[in-house]
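Peer 1: the sequence and its predicted three-dimensional model are supplied below.
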Amino acid sequence: MVNTQERTAGSGTTRGAAEPPVLRVEKLEVTYYTDAGRAKALDDVSFTLQAGQKLGMVGESGSGKSTLALAMMRMIKAPGRIEGGKVFVGEVELMGLNDEEMRKSRLSRIAYIPQGAMNSLNPVLRIGAQLVDAIKSHRSGDSKAEIEQRCVHALKSVDLDARVFRMFPHELSGGMKQRVCIAIGILLEPQVIIADEPTSALDVVTQRQVMETIDRVKDQINAAVILIGHDMGLMAQFVDRVAVMYSGRLVEVSTVREMFTDPKHPYAKALISSLPNLDNKGVFQGIPGLAPSLLRLPFGCAFHPRCSQVMEVCKSKRPLTRNLQSGRLVTCHLFDQEA
């Protein structure tokens, strides 16, 4: 698990080990049962997150990032199945709740900002009606005036005018729709916010505005944020820690500065090396090979067919996740002795 005795990137403050994490994921496993076979999309995923921290979740498409988000929300649909593990938000273990208790926990304890804002809002309902529905499903005792006031406050907190409350989704730009999704996510001030590629369909100016909005509302409610995405530049600017996923496993978790200056896992190194830079203009370095099918994972380490530092043990023995002396998590045989 992530060591809580650390310096938060950009803040310069030290979090004491006595401070309990707001989010604790333990040995989470998800399997998809298909006609072609059994695919393990999440394999023994564990990490923790403090209140106010931002964790970036990166990796190639199909590595399990969105599956992790949906599993934490308990929104995995058939043929997928959560096979094991626990998710704690504060002292509440989400996997042990019944369906009604879990429904109440969504938005109030843990919120999910979806990837496609264009498809996430009901096109025939006004924005206000969709915000009101979210509150009414959790707080039936509030008056109409109180509910509307809370909705307008949420819209204003994401830099949207109160008039948006009366508008339909088709009257809004892509960036405004994404901000509405953020407003819905923070309506009940959850402890954990999961943002699944919230800027993927936006231009670069709007991307920055949306990320600054998430950053600001995170500070307002002191929530922990998990940012899922492929844009490493965006991660470098906005998160405190980076978690790298490969074939359903976390292969490295470290601070954002450590990840970009001294990545440890060979896959993390390859990801960072593939980023364009000013020193080598026009030279692009890719990662050889393709990510393996989850239906036919190679023996041992799943990354070994593409790894530049592969050893014999990598081909037969699956590596364990090691907590290095620096507090970083690495799942690689290269660090067995150091751990």
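Peer 2: The structure has been received and is ready for your questions.
Peer 1: list the buried residues in the longest helix along the chain.
Peer 2: The residue-count maximum for a helix in the chain (DSSP state H) belongs to helix 204-221. Within helix 204-221, the residues that qualify as buried are 206-207, 209-211, 213-214, 217-218, counting by 16 or more other Cβ atoms under 10 Å. (C-beta placed from N, C-alpha, C; glycine too.)
Peer 1: how about the helices in the protein?
Peer 2: 65-72, 99-108, 117-120, 127-136, 144-157, 174-186, 204-221, 232-238, 256-261, 266-273.
Peer 1: quick check: the gap between the residue nearest to residue 264 when sequence neighbours are not counted and residue 221.
Peer 2: Among residues not flanking residue 264 along the chain, residue 330 sits closest, at 4.9 Å (Cβ to Cβ, 6 or more residues apart in numbering). Taking Cβ to Cβ, to the nearest Å as the measure, residue 330 falls 32 Å from residue 221.
Peer 1: likewise for residue 131?
Peer 2: Between residue 131 and residue 221 the distance is 16 Å, computed by Cβ to Cβ.
Peer 1: now do residue 103
Peer 2: Distance from residue 103 to residue 221, counting by Cβ to Cβ: 21 Å.
Peer 1: shaky segments in the protein?
Peer 2: Flagging of the chain using pLDDT under 70 yields the residue ranges 1-18, 117, 278, 280-283, 338-339.
Peer 1: now distance to residue 294 too, for the buried residues of helix 204-221, in CSV please.
Peer 2: Shown next, in CSV, are the buried residues of helix 204-221 (distance: Cβ to Cβ, whole Å):
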residue, distance to residue 294
206, 34
207, 30
209, 36
210, 31
211, 30
213, 34
214, 30
217, 35
218, 32
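Peer 1: and stretch 67-75, how far out from the chain's middle?
Peer 2: From the chain centre to the centre of stretch 67-75 is a distance of 10 Å (Cα atoms, centre = their mean, to the nearest Å).
Peer 1: report the buried residues of that stretch.
Peer 2: Going by neighbour count (16+ other Cβ under 10 Å), the buried part of stretch 67-75 is 67-74.
Peer 1: and for stretch 45-62?
Peer 2: Neighbour-count burial for stretch 45-62 flags 45-60, 62 (criterion: 16+ other Cβ under 10 Å).
Peer 1: got the end-to-end distance for that stretch?
Peer 2: End-to-end distance for stretch 45-62, by Cα to Cα, to the nearest Å: 15 Å.
Peer 1: cool, and stretch 241-254?
Peer 2: The first residue of stretch 241-254 is 6 Å away from its last residue (Cα to Cα).
Peer 1: kindly report the same for stretch 239-248.
Peer 2: For stretch 239-248, the separation between the terminal residues is 21 Å (Cα to Cα).
Peer 1: thinking the residue nearest to residue 264 is in contact with residue 258, fair?
Peer 2: No: the pair residue 330 / residue 258 is not scored as a contact, 10.9 Å apart, by Cβ atoms under 8 Å.
Peer 1: the two: which has the busier surroundings?
Peer 2: When neighbours are counted by other Cβ atoms under 10 Å, residue 330 comes out ahead of the other of residue 330 and residue 258, with 27 against 19.
Peer 1: ok, that one - contacts?
Peer 2: 251-252, 264-265, 321-322, 324, 339 (Cβ atoms under 8 Å, 6 or more residues apart in numbering).
Peer 1: for residue 254, see how far away it is.
Peer 2: With distances taken as Cβ to Cβ, residue 330 is found 8 Å from residue 254.
Peer 1: identify the contacts common to the two.
Peer 2: The contact sets of residue 330 and residue 254 overlap at residue 264 (Cβ under 8 Å, 6+ apart).
Peer 1: OK, contacts around residue 93?
Peer 2: By Cβ under 8 Å, 6+ apart, the neighbours of residue 93 are 86-87.
Peer 1: and if we set it to 6 Å?
Peer 2: residue 86 (Cβ atoms under 6 Å, 6 or more residues apart in numbering).
Peer 1: swap in residue 86?
Peer 2: 26, 93, 95.
Peer 1: and for residue 225?
Peer 2: With contact taken as Cβ under 6 Å, 6+ apart, residue 225 is in contact with 54, 193, 218.
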